[in-house]
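K.L.:
Fold the following for me, if possible:
(one chain, ligands or ions: 1)
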Amino acid sequence: MGLIVVSNREPYAPRKGEDGQLTWRPSIGGLTAALDPVLRRVGGTWIAWGEGQAEVEEVALPQGDPRYRLKRVQLSEAEVRDYYHGFSNRALWPMSHYFIERTKYLSAQWQTYVEVNRRFARTVLESREPGDPVWVHDYQLALVPRLIRESRSDARIGLFWHIPWPSSEVFRTLPWDRELLEGLLGADLIGMHTPEYVRHFLSACRRVLGAETEGDTVHWQGRAVRVVDRPIGIEVDEYGALASSPEIEEAADRIRRTLQTQLLLGVDRLDYTKGIPERLEAFGDFLDRHPEARGRVTLLQIAVPSREQVESYRQLRSRVEGLVGRINGRHTQGGWAPIQYVYRGMGREELVAHYRAADVMLVTPLRDGLNLVAKEFLACSRDGVLVLSRFAGAADELPEAVQVNPYNPTGLAEALNQALGMSLEEKKARLTRLQERLRGSDLRAWADGFVAELTGA
Ligand code: GDG
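P.N.:
From the prediction side, this is the model:
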């Protein structure tokens, strides 16, 4: 028996070298970073969109130490445009993050979304041995549970929704609200990051479908579907060990020596939900109001390229780069520039060295399902401070972080001041408490717990 994981993004992306050999490199992103260790451990099949090198339909991963197989669903260019860049990223993503004004609800794109979900479901049916549990991931594949259920009424099907579930008032703006909920309710178990998202989901089931709910259960078409809050964790000990290794300590020292100031760090996919412009503006305000901080603190913003085919992401990039230029233009003096901006992904080790070097980590999304960066930073830090948006799902679990409202520029600037001036004793006390919390529910516990609940083990 094996586990079947289904997600849009594949865990490793192929790259062809000059010698014609394919190397498979880990994809960047919350979901794949979280699930690869799970499948490596339990074995089974991962089904995902095979982006690039379409001739490879199946591969054993990780390369060199294969533990599971990846089955690659092939999509045409038009399908990628309408299913992925279109319906997933221009309808469901902004809607779920409360950005209604950014949504584009187009029925042609919805049709493609339905067809692509069918293709994924078919691939599951072809790959699955009787008894194999299926774990579907995220908003790109909401219809897959029902599509599997229609042919295999006895299958154990779980779904994890990695992004926020909005208020039903927002959800009801979706023209296919009913179909989407019915798709999801093909699952036996639905997981979300916070109790709030679960509440909103249950209320959508009542209002949109007229379904009955009882505690955490939705009664729908003679079946009972449980909806639970199970926030994802990270590999706490692995991050901690890596961050305190001599190589990373040295790399972190180098970063600090080069800057010669306190380090504020931001690490995000370049996405409008992450609140990057608001963060930069707050930092600019902070420098205006605290002249004594000039020359003593640097904001390093790492922005990982994301969804560059979508116009609003290109606009965001120009806005961010304009702001960096404006703030640096205003404050740069005597060899010090307040903001350093990196527009690329980093290797995991380089990233961890930055976490280790940071005095203050700024995680200030306008809305975020959970936010793994916040947890990774905590696991890697020695005496750093986490500034965390109250609109990140992780805020529920991390009360000792300095919590902020990213829509309030003055409050955000003051939080920066508080974090930068915090005594070593307080920093350590907060961090120790937060690290204990992380250890209480790490990635392994999350994944094993979900699979155990799904299979009734
Ligand atoms: C979605 C939800 C939810 C980032 N930069 C680099 C890099 N990363 C890695 C981080 C982290 C992951 O990417 C980002 O995860 P987040 O959780 O912060 O955000 P999303 O990608 O939006 O993830 C989110 C998550 O799913 C899981 O449920 O928490 O709310 O939106 O792991 O380390 N990795 C490398 N280089 C980088 O430059 N190697």
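
K.L.:
For this protein, what lies in contact range of the ligand?
P.N.:
Counting by Cβ under 6 Å from any ligand atom, the residues of the chain close to the ligand are 28-31, 33-34, 162-163, 232, 267, 269, 302, 304, 345-348, 351, 368-373, 376. To be clear about C-beta, it is placed using only N, CA and C from the backbone, and glycine gets the same treatment.

K.L.:
The same query, at a cut-off of 5 Å, please.
P.N.:
Residues of the chain lying close to the ligand (Cβ under 5 Å from any ligand atom) are 28-31, 33, 162, 232, 304, 345-346, 348, 351, 368-373.

K.L.:
from these, which would you call buried?
P.N.:
The neighbour count (16 or more other Cβ atoms under 10 Å) marks 28-31, 33, 162, 232, 304, 345, 351, 368-373 as buried among those.

K.L.:
By proximity to the ligand, which residue of the stretch 151-300 of the chain wins?
P.N.:
Ranked by Cβ to the nearest ligand atom, the top residue of the stretch 151-300 of the chain for proximity to the ligand is His162, at 3.6 Å.

K.L.:
ok, that residue touching His137?
P.N.:
Yes: judged on Cβ atoms under 8 Å, His162 makes contact with His137 at a distance of 6.7 Å.

K.L.:
show me where the stretch 201-350 of the chain has strands.
P.N.:
212-214, 217-220, 223-229, 262-269, 297-304, 339-343 (DSSP state E, counting those that start in this stretch).

K.L.:
Please apply the same query to the stretch 51-200 of the chain.
P.N.:
Under DSSP E, counting those that start in this stretch, the stretch 51-200 of the chain gives strands at 58-61, 68-73, 134-137, 157-160, 189-192.

K.L.:
Kindly reformat these as CSV containing distance to Arg444 and mean neighbour count.
P.N.:
Listed next are these as CSV, based on distance: least, Cβ to Cβ, whole Å; neighbours: other Cβ atoms under 10 Å:
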stretch, distance to Arg444, mean neighbour count
strand 58-61, 19, 16
strand 68-73, 16, 20
strand 134-137, 15, 28
strand 157-160, 15, 24
strand 189-192, 15, 25
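
K.L.:
Mean pLDDT for those strands - can I get that in CSV?
P.N.:
Listed next are the strands of the stretch 51-200 of the chain as CSV, based on pLDDT from 0 to 100:
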stretch, mean pLDDT
strand 58-61, 96
strand 68-73, 97
strand 134-137, 98
strand 157-160, 98
strand 189-192, 98
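
K.L.:
where do the contact lists of His162 and His137 overlap?
P.N.:
Leu31 (Cβ atoms under 8 Å, 6 or more residues apart in numbering).

K.L.:
Walk me through the domains of the chain.
P.N.:
Per automatic domain parsing, the domain ranges recorded for the chain read 3-232+444-455, 236-440.

K.L.:
so who does the residue nearest to Leu386 when sequence neighbours are not counted touch?
P.N.:
Nearest non-adjacent residue to Leu386, counting by Cβ to Cβ, 6 or more residues apart in numbering: Ala401, 4.2 Å away. When contacts are counted by Cβ under 8 Å, 6+ apart, Ala401 touches 374, 386-388, 395, 430, 434.

K.L.:
Sketch out the low-pLDDT regions of the chain for me.
P.N.:
Within the chain, the ranges that satisfy pLDDT under 70 run 1, 30.

K.L.:
doesn't Ala357 make contact with Glu249?
P.N.:
No: in this structure, Glu249 is not within contact of Ala357 by Cβ under 8 Å, at 9.6 Å.

K.L.:
okay, those two: which has more neighbours?
P.N.:
The neighbour count for Glu249 versus Ala357, taken as other Cβ atoms under 10 Å, is higher for Ala357 (26 against 15).

K.L.:
I'd say that one and Arg257 touch.
P.N.:
No: Ala357 is not in contact with Arg257 according to Cβ under 8 Å; the separation is 9.7 Å.

K.L.:
for the residue of the stretch 151-300 of the chain closest to the ligand, what are its contacts?
P.N.:
By Cβ under 8 Å, 6+ apart, the contact set of His162 is 30-31, 137-139, 193, 232, 369-370.

K.L.:
As a check, name the ranges of all helices in the stretch 301-450 of the chain.
P.N.:
Secondary structure of the stretch 301-450 of the chain (DSSP state H, counting those that start in this stretch): helices at 311-331, 348-357, 372-380, 409-421, 424-440, 443-455.

K.L.:
Buried deepest among the ones you listed, which one?
P.N.:
Most buried of the helices of the stretch 301-450 of the chain by mean neighbour count (mean count of other Cβ atoms under 10 Å) is helix 372-380; its value is a mean of 26.

K.L.:
Quick one: work out the angle between it and strand 262-269.
P.N.:
If you take axes from the mean of the first three to the mean of the last three Cα atoms, to 10 degrees, helix 372-380 sits at 140 degrees to strand 262-269.

K.L.:
And for helix 372-380, what's in contact with it?
P.N.:
By Cβ under 8 Å, 6+ apart, the surrounding residues in contact with helix 372-380 are 30, 33-34, 232-234, 236, 239-240, 242-243, 265, 267-268, 351-352, 355-356, 358, 361, 363, 384, 386, 388, 392, 394, 398, 401, 431, 434-435, 438.

K.L.:
May I have the phi/psi pair for Phe99?
P.N.:
phi -100, psi 70 (degrees, to the nearest 10).

K.L.:
Check Thr173 too.
P.N.:
In terms of degrees, to the nearest 10, the main-chain angles of Thr173 are phi -70, psi -20.

K.L.:
change the start of the numbering to 19 and stick with it
P.N.:
With 19 as the first residue, the last one maps to Thr191.

K.L.:
Could you report the neighbour count for it?
P.N.:
Neighbour count for Thr191, taken as other Cβ under 10 Å: 13.

K.L.:
Could you double-check that it sits in contact with Tyr116?
P.N.:
No: the pair Thr191 and Tyr116 fails to qualify as a contact (Cβ under 8 Å) at a distance of 10.5 Å.
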